[in-house]
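Chemist: fold the following, please.
(3 chains)
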Amino acid sequence: MNHPLSELLKSALGDAISQVTLFRDEVTLHTSRERILDVLTHLRDVQQFDMLTDETCVDYYPREPRFGILYQLYSIPRNLRVRVKVMLSEYDASLPSAVPVYRNANWLEREIYDLFGIHFEGHPDLRRILLPPDYPGHPLRKEVPVTVEENAFSFNRARIDAAKPYATE
Amino acid sequence: MTIVESPIRVEDAPQNAVRVEDVQLDITLEQLKKLVSPRALTGETMLLNMGPQHPSTHGVLRLLLELDGETIVSCIPDIGYLHTGIEKTAEGKTYLKVIPLTDRTDYLAPMSNNLAFCGAVEKLVGIDVPIRAQYLRVILMELTRMNSHLVWLGTHALDIGAMSVFLYCMREREMILDIYEAVSGARMMSSYIRPGGLWRDVPAHFPQLVQRVLDVFPGRILEYEKLLKENPLWKERTVGIGKISAQDAIAWGMTGPCLRGSGVNYDVRKAQPYSSYDHFEFSVPLGSHGDVYDRYKCRMEEFNQSLKIIKQAMDRLPPGPVMTDDRKVAPPPKHEIAYSMESLIHHFKLWTEGFRAPEGEVYFAVESGKGEYGVLLSGDGSPKPRRVHFRAPSFHNLQPLGEISKGALLADIVAIIGSIDIVLGDVDR
Amino acid sequence: MGLEQKLGDMGIVTTSLEKAVNWARSNAIWPMLFGLACCAIEMMSTQASRYDLSRFGMELMRASPRQSDLMIVAGRVSRKMAPVLRNLYDQMPDPKWVIAMGDCASCGGVFNNYAIVQGVDEIVPVDVYVAGCPPRPETLIDGIMKLQEKIRHEPLRKWQ
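Modeler: Numbers count the residues shown, from 1 in each chain, chains lettered A, B, ... in the order given. From the prediction side, this is the model:
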């Protein structure tokens, strides 16, 4: 807790921040989904964090709450980075969209929706962005296996070939 | 075969001009109505599909354009045609084995991606990199930036109609690929930068290869500038086209030459130096208008700055090891394995299980040719990452395309896409 | 030239129609200008200054599938791209051939995951597989010459 930013932000944001962690000199502010827009607006307008560098989701699978939404912010005038983190339960995976605060959250949130199935309330255009629209499920969740096809070797090649849907003319 | 009998005939071709009801954008009509202007519903404006197979979209980008005559009313990018699932595959591999995957995200700047990922791993695990490796990384990073910019310049000029620049750029690019091949053995997918340093030291003829680049390039850059910089056709197509203001560029999260073309001085190399970039003198070229021409000028000046950094780093290249001696992350030298039991155990553990990274999240960013290339890495205490997320500069730079191209002519969209310098492998990952 | 001296004044060569047609087809293959991923950059290198594919009569890349004979699938094919790729293939006029360039197009490569088609041969019939990730330009040229060899021995009936 010796990073200058962590104390400052904690006092400025008050009870919106449940916890401030410092890991490898990186400040992470933990907040709740009810307060996330307040926190982001304060960081943008008062603390000059003018750029949303990245927004993504991490699946902490056996844990509950399971999903962590990470907002990576950067301040060009102050040359500082800060991360905001919201934890979401698997059974109620929705939170307010950050598009009103940071415009470029639009595609980033569509990507999170696409790959993790997190719902963003108030998002202007929430539909799949990377995968085809008829794709079943959300593949970056931990319950989806990493590989789809058995590795082919000389001993099992015939079996894999038989199951493969080879195209014809 | 069941295709049409005489496919060259015009009437058999699928009609490009379509009404709203016929658009096959894989979205529902209600969603589409929100994206286009109300005039499209009455048929006053025309919807035009561009891509994903189109030579000027630099890969498999798809655009749905709403046109009023030749003026673009709205532009809806549709990405994901190259979605590779790299982030998912990375979760099933040890940290070392993720590096080859990073090559394939932004495949024009493989070393930048390697460094971003390795930097994140080094930050997460807490590894120090020897100074020689840091300097060599800087040299390779700058060569990578030039490689990326050469393909940008070649294809951008080709799109606008200057064919010869493409051939010249590809000729010079081969010189850089020769260096890649000399150090890593591969022309494109180098995987040369590893957590803790480099795979191996550079070969003996590396200085000559780099010197050749340093000797040849300044003249070649002048040659490109002679062809383009004051060319009235080039200026006609680029000056004042695709403008974006500094505030908008920041709000859209644009980085790299796209942001600096608008006059914002943000370069990760200067702001948060990594790999001892603070040891070198260089300046960050800035534009002022934020149009296609300023972005072009920024990148052309970056060639010169890259050469300057390479020259300094080559002159001051220190001797010493190129890999950390922390045996928990770096393999022992091969000759040690023959007589040291401990080395053998380290070697075995590293190549079978990999090293473990602590629980926690780190973000590490480098300035690649296209902008801030960041890696958000979440470790869970095991040898495999819990989550790897690539903060792809092309993804962020492409997002405001709809806004930038509003009101532009149809032909200008090709120039704008070229000047944003997207790589679809980076956008879709 | 040797040919004129051998033929003398007659100016007539007898051969089978099949051989003559295949000779013509194999030496003027027009590939489609269609890049997907990393391999497309190597495909560009193949056509550009150092490797210069036009030495083999194949520099005429057509941006339209309706004017091309050869589809070089240069890169990984995602599930979203697969129907588009098949659509492009169907639009190409007969006779037509496909080269799967690189590991991803041949078998999915390192990307054994939810997003990538595990080999483009699940979508279109492939004539030549070119190995490498990405294949060097020499390898691609070799693949194209293998295809020429294949075309020279194709029965005419195949494209009825």
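
Chemist: going by neighbour count, list what's buried in the helix of greatest length in chain C.
Modeler: Secondary structure of chain C per DSSP state H: the longest helix is helix C:137-152. For helix C:137-152, a neighbour-count test (16 or more other Cβ atoms under 10 Å in any protein chain shown) marks C:P137, C:T139, C:L140, C:I141, C:G143, C:I144, C:L147, C:Q148, C:I151 as buried. Placement of C-beta: from N, CA and C, glycine included.

Chemist: quick one, what contacts C:A131?
Modeler: Each residue near C:A131 by Cβ atoms under 8 Å, 6 or more residues apart in numbering or on different chains is listed here: C:G102, C:D103, C:S106, C:T139.

Chemist: tell me how many other residues crowd C:R86.
Modeler: 16 (other Cβ atoms under 10 Å in any protein chain shown).

Chemist: what is the rounded mean pLDDT of stretch C:128-141?
Modeler: Mean pLDDT, computed over stretch C:128-141, is 90.

Chemist: end-to-end on it?
Modeler: 12 Å (Cα to Cα, to the nearest Å).

Chemist: hang on, B:T57 packs against B:N49?
Modeler: No. Applying Cβ atoms under 8 Å, one finds B:T57 not in contact with B:N49, separated by 11.4 Å.

Chemist: neighbour count: the two, which is higher?
Modeler: More crowded of B:T57 and B:N49, by other Cβ under 10 Å: B:T57, with 22 against 19.

Chemist: next up, the contacts around the more buried one.
Modeler: Going by Cβ under 8 Å, 6+ apart, the list of residues near B:T57 reads B:M50, B:G51, B:L63, B:I417.

Chemist: report pLDDT for it.
Modeler: pLDDT, B:T57: 76.

Chemist: what does the one 3 residues further on give?
Modeler: Here, the pLDDT recorded for B:V60 equals 86.

Chemist: before we move on, what about C:E4?
Modeler: pLDDT at C:E4 comes out at 63.

Chemist: related to what we said a few turns ago, most neighbours among the contacts of C:A131, which one?
Modeler: C:G102 (31 neighbours).

Chemist: need phi/psi at residue 69.
Modeler: Picking chain A for this. Backbone torsions for A:I69, taken as degrees, to the nearest 10, come to phi -90, psi 120.

Chemist: ok, now the one 4 residues further on?
Modeler: Comment: the main-chain dihedrals of A:L73 come out as phi -110, psi 150, following degrees, to the nearest 10.

Chemist: which residues touch the closest residue to it other than its chain neighbours?
Modeler: Closest residue to A:L73 apart from its sequence neighbours, by Cβ to Cβ, 6 or more residues apart in numbering or on different chains: A:F49 at 4.1 Å. Counting by Cβ under 8 Å, 6+ apart, A:F49 makes contact with A:L43, A:L73, A:Y74, A:S75, A:R78, A:L80, A:V82.

Chemist: out of the residues you listed, which is nearest to chain B?
Modeler: A:Y74 (8.4 Å; Cβ to the nearest Cβ).

Chemist: what sits against that closest one?
Modeler: Counting by Cβ under 8 Å, 6+ apart, A:Y74 has contacts A:F49, A:D50, A:M51, A:T53, A:L80, A:R81.

Chemist: just the ones of the contacts of C:A131 in helices?
Modeler: Going by DSSP H, the helices hold C:G102, C:D103, C:S106, C:T139 from the contacts of C:A131.

Chemist: quick check: phi and psi on the closest residue to chain B within chain A?
Modeler: Nearest residue of chain A to chain B, counting by Cβ to the nearest Cβ: A:V146, 3.4 Å away. Phi and psi for A:V146, reported as degrees, to the nearest 10, are phi -70, psi -50.

Chemist: what about it, how many residues nearby?
Modeler: Using other Cβ under 10 Å, the number of residues around A:V146 comes to 17.

Chemist: would you agree B:I241 is in contact with B:D412?
Modeler: Yes. Using Cβ under 8 Å, B:I241 makes contact with B:D412 at a distance of 5.0 Å.

Chemist: run through the strands of chain A in chain order.
Modeler: With DSSP state E as the criterion, chain A has strands at A:17-23, A:26-31, A:51-59, A:67-75, A:80-88, A:94-96, A:119-121.

Chemist: from those, which stretch is densest packed?
Modeler: Per residue and on average, the most neighbours among the strands of chain A fall to strand A:51-59, with a mean of 24 (mean count of other Cβ atoms under 10 Å in any protein chain shown).

Chemist: what lines up beside it in the sheet?
Modeler: strand A:67-75 (antiparallel) (DSSP bridges).

Chemist: return the strand it pairs with as PDB; C-alpha atoms alone will do.
Modeler: Once non-C-alpha atoms are left out, strand A:67-75 reads as follows in PDB (Å, rounded to 0.1, in the frame of the first residue of the first chain):
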ATOM      1  CA  PHE A  67     -15.800 -13.400 -13.700                       C
ATOM      2  CA  GLY A  68     -13.600 -10.500 -13.200                       C
ATOM      3  CA  ILE A  69     -14.000  -7.500 -15.600                       C
ATOM      4  CA  LEU A  70     -10.800  -5.500 -15.800                       C
ATOM      5  CA  TYR A  71     -10.600  -2.000 -17.000                       C
ATOM      6  CA  GLN A  72      -7.100  -0.900 -17.800                       C
ATOM      7  CA  LEU A  73      -6.800   2.900 -17.800                       C
ATOM      8  CA  TYR A  74      -4.100   5.200 -18.800                       C
ATOM      9  CA  SER A  75      -3.600   8.900 -18.200                       C
END
